[in-house]
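Colleague: The following comprises the amino acid sequence and a computationally predicted model.
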Amino acid sequence: MKKTKIGFVGLGLIGGSIAKAVRLHHPDYELVGFDKNEESLSLAVKEKVLNASTNQIDHNFMDCDFIFLCAPVSFNSAYLTQLKSYINKDCILTDAGSVKNGIHKEIEEVGLSSNFIGGHPMTGSEKSGYKNSKALLLENSYYILTPTQNISKVMIDRYKELIESIKALPFVMDYQTHDFVTGGMSHLPHVVAASLVLYMKEHDTDNHLMKQLAAGGFKDITRIASSSPIMWEHICLENKDNIIQILDDYMSILKDFKQEIKRGEGEKIHALFDSSRNFRNSISDFGSGALKKVYGLYCDLKDETGGIATIASALAKENISIRNIGIIHNREFEDGVLKIEFYKSEDLQRAKGILRREKYIVYER
Ligand SMILES: NC(=O)C1=CN([C@@H]2O[C@H](COP(=O)(O)OP(=O)(O)OC[C@H]3O[C@@H](n4cnc5c(N)ncnc54)[C@H](O)[C@@H]3O)[C@@H](O)[C@H]2O)C=CC1
Ligand SMILES: O=C(O)C(=O)Cc1ccc(O)cc1
């Protein structure tokens, strides 16, 4: 029987992570890749993530069951015409781009709509490149699929199966809804994070006191300002109409803050923060969060040296893998608590039992 074959165009953070996840869960699949960065390609071949690499779109892409386009958004469409000659009728062509309207239109123009299902993993990082890619990056994350009107249900189901097999969570929607929703929950926050950093850069004191003294809040909210400028240039240009409308709506909320502060209206300022706090608290950090399906808990630390290590080793002894662990401080937990995330719901349930048995106070939000 023919082995499942998957082609990758662009093997950076996302392409590399998808390829590594497929390799982890399907060691027998044949993976081929093209990237303009030859170092990434040779590393991927050396690590046996790819079976073969190429420095152009060529016969290596023949007979693929899936082809993933994972270059920066506007570069993905550049390869459609070349790829078309290698794509057979059952090949699922997909992308990983953060914006969908451009690629859906190009796909229509090139005549590949019976092969195309847009794809967008709702996970990532401010880092880029194959060297930062990880097999587990996509695990438990939503993975949005935007099928064309012309694609068969059988093809959608095949794509969903692949995504589920690498432990991500497929979520189907039309590409227009995708671009509005990601505009509000991902593109706007990236623009806001960048603008906060630029505010500090341009308005700090001569001896850089803001930069030196910036607390956790500034760092939390601006982590994503370290993301790839080329990626965000493409996203802003491709989702221009949505982002402009969203920025207008956002700026009107900023104006409300400015107006109430100017008027010295304590009650109204309070109401803005209160309404925001209530809504933020209704978004679970775990489970049904907008970006990641994560299983986690908060736990009060005992006041002793090596407190985190004690908890980590109690869980390790029971073979529970920790996805993420760290102390957080916020208004809700003013003294700081330990936030622990797990890969699986069963691990969360077992960890809760173990920690409560050890007399830790455990919270879920
Ligand atoms: N970074 C993130 O957190 C997320 C990114 N995405 C989307 O995934 C796509 C890839 O992003 P990343 O992997 O983060 O970027 P990246 O910069 O890590 O990787 C992009 C890869 O494409 C290659 N590349 C660039 N131009 C190319 C060209 N003309 N031809 C062939 N290869 C080319 C680069 O050498 C690099 O290996 C983008 O469309 C982005 O919108 C989606 C979800 C999350
Ligand atoms: O690092 C983060 O928190 C992100 O928000 C990453 C990210 C960037 C772009 C996407 O299209 C999806 C996710």
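Modeller: All right, it came through fine. Numbers count the residues shown, from 1 in each chain. Ligands and ions are numbered 1, 2, ... in the order given.
Colleague: use CA for all of it now, contacts and neighbours both
Modeller: Will do.
Colleague: could you point out the longest helix in the chain?
Modeller: helix 240-263 (DSSP state H).
Colleague: Now do the same for the spatially closest residue to Asn150 that is not a sequence neighbour: helix, strand or coil?
Modeller: Nearest non-adjacent residue to Asn150, counting by Cα to Cα, 6 or more residues apart in numbering: Ser114, 5.0 Å away. Secondary structure for Ser114, judged by DSSP: H, G, I helix; E, B strand; the rest coil, is coil.
Colleague: so Thr146 touches Met173, yeah?
Modeller: Yes: the pair Thr146 and Met173 passes the contact test of Cα atoms under 8 Å, sitting 5.4 Å apart.
Colleague: which strand residues sit across from the residue nearest to Lys344 when sequence neighbours are not counted in the sheet?
Modeller: With Cα to Cα, 6+ apart as the criterion, Lys344 has its nearest non-adjacent residue at 6.3 Å, and that residue is Tyr295. With DSSP bridges as the criterion, Tyr295 is bridged to Phe342.
Colleague: residues near Tyr295, how many?
Modeller: Applying other Cα atoms under 10 Å, we find 23 residues neighbouring Tyr295.
Colleague: same deal with Asn278?
Modeller: Quick note: Asn278 (other Cα under 10 Å) scores 10 neighbours.
Colleague: what's the domain layout of the protein?
Modeller: 5-173, 178-282, 295-363 (automatic domain parsing).
Colleague: From the opening residue of the shortest one to its closing one, how far?
Modeller: According to Cα to Cα, to the nearest Å, domain 295-363 extends 12 Å from its N-terminal end residue to its C-terminal end residue.
Colleague: before we move on, back to that, packing partners of the longest helix of the chain?
Modeller: Packing contacts for helix 240-263, counted by 3 or more Cα pairs under 8 Å, 6 or more residues apart in numbering; DSSP states H and E, involve helix 188-203, helix 266-282.
Colleague: out of those helices, deepest packed?
Modeller: helix 188-203 (a mean of 16; mean count of other Cα atoms under 10 Å).
Colleague: and for that one, what are the contacting residues?
Modeller: Contacts to helix 188-203, defined as Cα atoms under 8 Å, 6 or more residues apart in numbering, come from residues Met210, Lys211, Ile221, Thr222, Arg223, Ile224, Ala225, Ile243, Ile246, Leu247.
Colleague: quick one: which of Thr146 and Met173 has more around it?
Modeller: Higher neighbour count among Thr146 and Met173: Thr146, with 24 against 13, using other Cα under 10 Å.
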